[in-house]
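Novice: Quick one, what's the 3D model for this:
(2 chains)
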Number of protein chains: 2
Amino acid sequence: MKRNYDIDEINSLQSEINHMDPVDLAESFDEMSVKEIMLRFKLLDKDLAADTFAEMDRDKKREIIERFSDEDVEELITELDEDELVDTLQELPANMVRRVMDEFVVGDRRRVINRLLGYPKDSVGSIMTVEFLSAKATSTCEDVLKRVISSDLDADKLEQIWVTDKSLVLLGYVYLADILRSPDSVLEDLLEPLPGSIEATDDQEIVAKIAYRYDLSEIPVTDSEGRLIGIVPVEDAIDVMREEYEEDLSNIHGIQESSDDSYLDRSIFAIAKDRTTWLIICLITATMTGFIIQRYESLLAASVALTAYIPMLMDSGGNAGSQASTTAIRFLYTGDITFADTLNVIWKEARVGLMTGFVLVVVNFIRMTILGPETLAIKLTVSLTLLITVTLSKVIGGMLPLIADKINVDPTVMAGPIITTLVDTFALLVYFEVASHLLNL
Amino acid sequence: MKRNYDIDEINSLQSEINHMDPVDLAESFDEMSVKEIMLRFKLLDKDLAADTFAEMDRDKKREIIERFSDEDVEELITELDEDELVDTLQELPANMVRRVMDEFVVGDRRRVINRLLGYPKDSVGSIMTVEFLSAKATSTCEDVLKRVISSDLDADKLEQIWVTDKSLVLLGYVYLADILRSPDSVLEDLLEPLPGSIEATDDQEIVAKIAYRYDLSEIPVTDSEGRLIGIVPVEDAIDVMREEYEEDLSNIHGIQESSDDSYLDRSIFAIAKDRTTWLIICLITATMTGFIIQRYESLLAASVALTAYIPMLMDSGGNAGSQASTTAIRFLYTGDITFADTLNVIWKEARVGLMTGFVLVVVNFIRMTILGPETLAIKLTVSLTLLITVTLSKVIGGMLPLIADKINVDPTVMAGPIITTLVDTFALLVYFEVASHLLNL
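Specialist: From the prediction side, this is the model:
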């Protein structure tokens, strides 16, 4: 459906959208036709138009590049910050990337973009910005102020001035406000030291870790010689942290997140595909528990009452194990525990397990006495199994993430299915062994 | 053990610690005696000493306030930023808070601190800083520059100048670099609009959400009339996000995180206490599954082979359900789905469940055919149950977080035990009902 705008409507639309945030604008464009979007892009300030374009989702970006005139696309591409352009290029199909690079990205900018595109996905280099101002430690504040005033960088890139030595090795930074307040100093005198820097080839996860630990508002990125080559603002570190969080949750529950698309827009086929692999793995590992039960079939036939406690025992073990693994994963992240602490963790979890298990045994004994018609032998069997299972599960759950981390596997990937399988298997084996002794079967 | 330092050692120690980051310093002090710490505090620049103190853990802070001389404590307290002081006071026992407030916090500062202490724990007000520079929209850049130069705020609080109207209602902000580059403008001309602001009484969770959505580097906090009363830097938003993340993980796995202490330092009793409640709840809800199995005991006695598939069916249901709930929780957070989408989610998860369930049935049928000596009737019973359980679990898992959110319960709290109980119960009921029909028992 086409609609016509009169001049007043155009004016009020222009004022309205120019006061919106690019994130909100991009979201409102999601539902609009390309023509409606085109009109709005013409009304937007160039800067805001580029920021809005950068926030749009992949499909809309492609549509705009295909359907806008060459001139309009060129204007958009030129206004994008280098890191926004790199993000955009990474979302486009190869032929479109070639077209954009050949026609709209020229000179120095092309060299920079090509270098940034060379960093692996999920590396620090792929998310850093190359827009920053650096100066030698011996520069006077007066000179630096002149450079700030004549700089064409966005103002948010000029809050910290980065300080290097003669060989361009990063030493620290100076706040613009401090430079203003001490015009007669040299940068060296005002230098804020850095607790650490990161390299462009590092995994982007480290950005979130450093930002979290040191409360930095900008994280400098260096090459292997320590020379400053980029910056990651903490706003981007937050995005990394959120991504990582979602990845962890998905790993623990075995969802392969292949896309950032909205849930409601995704096809059920795509969702099912993301989830099936893990369910199949779990189903196949469950063969183990099936085998064990089959092996003890005669025992179960002789005492069918035992079956009623299998779910409770398996659930308690699984829950106890995932508590321990969650704690281990958490403190691995903060660096509070490492692989070197494995024995310590095992010893601690064993005692925690015994303690927790003992409480559960008491509660369960009371529960069985009130509800069940079971014999004392069955009660003792269930109690002893519960104690051993909970303790073993705690130890396994606490230990596995440390081992995973040591062999460079994401601990959250290992946490789910492996712990479940191990714990289920142990729980059943212990149960039936205890039963065959205590019940004399 | 006491040790002596000669003058050279003292000098090199001083230079070394004054180049360290407060976070690393605080960590290294964790293991030191109060005397060693005292020596280092005397050698540290005042600013750095205060920042380091702010980063130390609760017990060390208490020890220092108790054992340092009144003079030294006063110096420390005076150098702390308001938000650091509030954080510290919240960690001290009441008598110590009174002492610090009465003896070392005076005048205006006392009024500010008392106001900040009045905000509830986990509110935005409890984490915001009150150190910022604001100016009227009609101010000239020249005037503002003068105010910046004569301001005694830390330079990192002067990167953005906050702009208000005549009644002090927040309009937006201006970057210091833009003010420098346009000395003849008034602030109004350079104004960067705000996508939204938050109130001091809001839950601190909103800080992380806003920072994530809008990539802000400072988040302004207003009172209910829209007047600026504080700022949360995004560095702090990252801490909030991390806290929230850990809380979610802990909720899902039923750990009550009562403390930020290190894992290795915590007593096993405290750890066991955090974890036991949830395990007891799960144990008691497992009574349900026990009842169901007992009710169908004759069925199981007649066909013991059925028992071998109980763990697989329960695990598959549980896993399928937690996948759906993880996805729902994730998209609830980003606002992509809300309670209004419940029917949509149910319909979508039902179809995803049927699709996933069908694949699992095929894999399982092959598995049973290769491995098992089971009759066709048992294979069909297991297959049909698997399909129904996976589908039901997806629907329950997708639906429950939406309901939880609607009734203002944290969806992650509801996700764990309730989904497990419901899914386990359904899986067994379906299994035995299908079995009694198909096996004619």
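Novice: contacts for stretch A:361-377?
Specialist: Around stretch A:361-377, the neighbours that count as contacts under CB atoms under 8 Å, 6 or more residues apart in numbering or on different chains are A:305, A:312, A:379, A:382-383, A:386-387, A:438-439, B:280, B:283-284, B:287, B:290. C-beta here means a position set from N, CA and C on the backbone, and glycine is covered the same way.
Novice: average pLDDT across stretch A:386-403?
Specialist: For stretch A:386-403, the mean per-residue pLDDT is 93.
Novice: mind checking how far that stretch is from the chain centre?
Specialist: From the chain centre to the centre of stretch A:386-403 is a distance of 26 Å (CA atoms, centre = their mean, to the nearest Å).
Novice: what's the answer for stretch A:118-127, then?
Specialist: The answer for stretch A:118-127 is 14 Å, by CA atoms, centre = their mean.
Novice: Helix or strand for the residue nearest to residue A:43 when sequence neighbours are not counted, just tell me which one.
Specialist: Here the nearest residue to residue A:43 in space, its sequence neighbours aside, is residue A:14; by CB to CB, 6 or more residues apart in numbering or on different chains that works out to 4.2 Å. Using DSSP states H and E, residue A:14 sits within helix A:7-18.
Novice: Point out the other helices and strands that that helix packs with.
Specialist: Secondary-structure packing of helix A:7-18 (3 or more CB pairs under 8 Å, 6 or more residues apart in numbering or on different chains; DSSP states H and E): helix A:34-43.
Novice: who touches stretch A:341-353?
Specialist: Residues from elsewhere that reach stretch A:341-353, judged by CB under 8 Å, 6+ apart: A:320, A:324, A:328, A:337, A:390-395, A:397-399, A:402-403, B:263-264, B:268, B:271-272, B:275.
Novice: that older thread, among the contacts of stretch A:361-377, which pair sits farthest apart?
Specialist: For the contacts of stretch A:361-377, the farthest-apart pair by CB to CB is A:439 and B:280; their separation is 26.6 Å.
Novice: coming back round to it: I'd guessed the residue nearest to residue A:43 sits against residue A:45; true?
Specialist: No - contact criterion CB atoms under 8 Å: residue A:14 and residue A:45 do not qualify, at 9.7 Å.
Novice: Of these two, which one has the most company?
Specialist: Neighbours were counted for residue A:14 and for residue A:45 using other CB atoms under 10 Å in any protein chain shown; residue A:14 has more, 16 against 13.
Novice: What distance do you get for the more buried one to residue A:314?
Specialist: Noted for residue A:14: a distance of 64 Å to residue A:314, by CB to CB, to the nearest Å.
Novice: Count the residues that sit near residue A:73.
Specialist: By other CB under 10 Å, 19 other residues sit near residue A:73.
Novice: How about the one 5 residues further on?
Specialist: Other residues near residue A:78 come to 14 when the count uses other CB under 10 Å.
Novice: try residue A:99
Specialist: For residue A:99, the count of nearby residues is 15 (other CB under 10 Å).
Novice: what does residue A:437 give?
Specialist: Neighbour count of residue A:437, defined by other CB under 10 Å: 12.
Novice: Buried ones in the helix or strand harbouring it, by neighbour count?
Specialist: Assigned by DSSP H and E, residue A:437 belongs to helix A:411-438. Judged by neighbour count (16 or more other CB atoms under 10 Å in any protein chain shown), helix A:411-438 contains these buried residues: A:411-432, A:434-436, A:438.
Novice: how near is residue A:340 to chain B?
Specialist: 11 Å (CB to the nearest CB, to the nearest Å).
Novice: buried stuff in the host helix or strand of residue A:276?
Specialist: Using DSSP H and E, residue A:276 sits within helix A:268-295. Under the neighbour-count criterion of 16+ other CB under 10 Å, helix A:268-295 has A:268, A:271-276, A:278-283, A:285-290, A:292-294 buried.
Novice: Check stretch A:30-43 too.
Specialist: For stretch A:30-43, by 16+ other CB under 10 Å, it's A:37-41, A:43.
Novice: cool, stretch A:214-227 as well?
Specialist: Under the neighbour-count criterion of 16+ other CB under 10 Å, stretch A:214-227 has A:214-223 buried.
Novice: One more: stretch A:66-85?
Specialist: The neighbour-count check on stretch A:66-85 (16+ other CB under 10 Å) flags A:68, A:72-73, A:75-77, A:79-85 as buried.
Novice: Among the residues you listed, which ones lie close to chain B?
Specialist: When CB under 8 Å from any CB of the partner chain is taken as the criterion, no member of the buried residues of stretch A:66-85 contacts chain B.
Novice: how close does residue A:231 sit to residue A:191?
Specialist: Distance from residue A:231 to residue A:191, counting by CB to CB: 17 Å.
Novice: These two: who's more crowded?
Specialist: More crowded of residue A:231 and residue A:191, by other CB under 10 Å: residue A:231, with 21 against 15.
Novice: does that one count as helix, strand or coil?
Specialist: Counting by DSSP: H, G, I helix; E, B strand; the rest coil, the backbone at residue A:231 sits in strand.
Novice: So the closest residue to residue A:5 other than its chain neighbours versus residue A:46, what's the distance?
Specialist: Nearest non-adjacent residue to residue A:5, counting by CB to CB, 6+ apart: residue A:13, 7.0 Å away. For residue A:13, the distance to residue A:46 (CB to CB) stands at 17 Å.
Novice: now swap in residue A:96 and tell me
Specialist: Distance from residue A:96 to residue A:46, by CB to CB: 22 Å.
Novice: Same check on residue A:440?
Specialist: Distance, residue A:440 to residue A:46, by CB to CB: 86 Å.
Novice: In terms of neighbours, single out the busier of those two.
Specialist: Applying other CB under 10 Å to residue A:440 and residue A:46 shows that residue A:46 carries more neighbours, namely 12 against 7.
Novice: ok, now which ones touch the nearest residue to that one once chain neighbours are set aside?
Specialist: Distances taken as CB to CB, 6+ apart put residue A:79 closest to residue A:46, at 5.1 Å, once the chain neighbours are dropped. The contact partners of residue A:79, by CB under 8 Å, 6+ apart, come to A:46-47, A:49-50.
Novice: repeat for residue A:132
Specialist: Residues near residue A:132 by CB under 8 Å, 6+ apart: A:153, A:157, A:162, A:228, A:230-231.
Novice: make it 7 Å
Specialist: Shown in contact with residue A:132 (CB atoms under 7 Å, 6 or more residues apart in numbering or on different chains): A:157, A:162, A:231.
Novice: Nearest spatial neighbour of the last one, chain-adjacent residues omitted?
Specialist: Across the structure, with CB to CB, 6+ apart as the measure, the residue nearest residue A:231 apart from its sequence neighbours is residue A:132 (4.8 Å).
Novice: before we move on, what about the second one?
Specialist: Ranked by CB to CB, 6+ apart and with sequence neighbours excluded, the top spatial neighbour of residue A:162 is residue A:134, at 4.0 Å.
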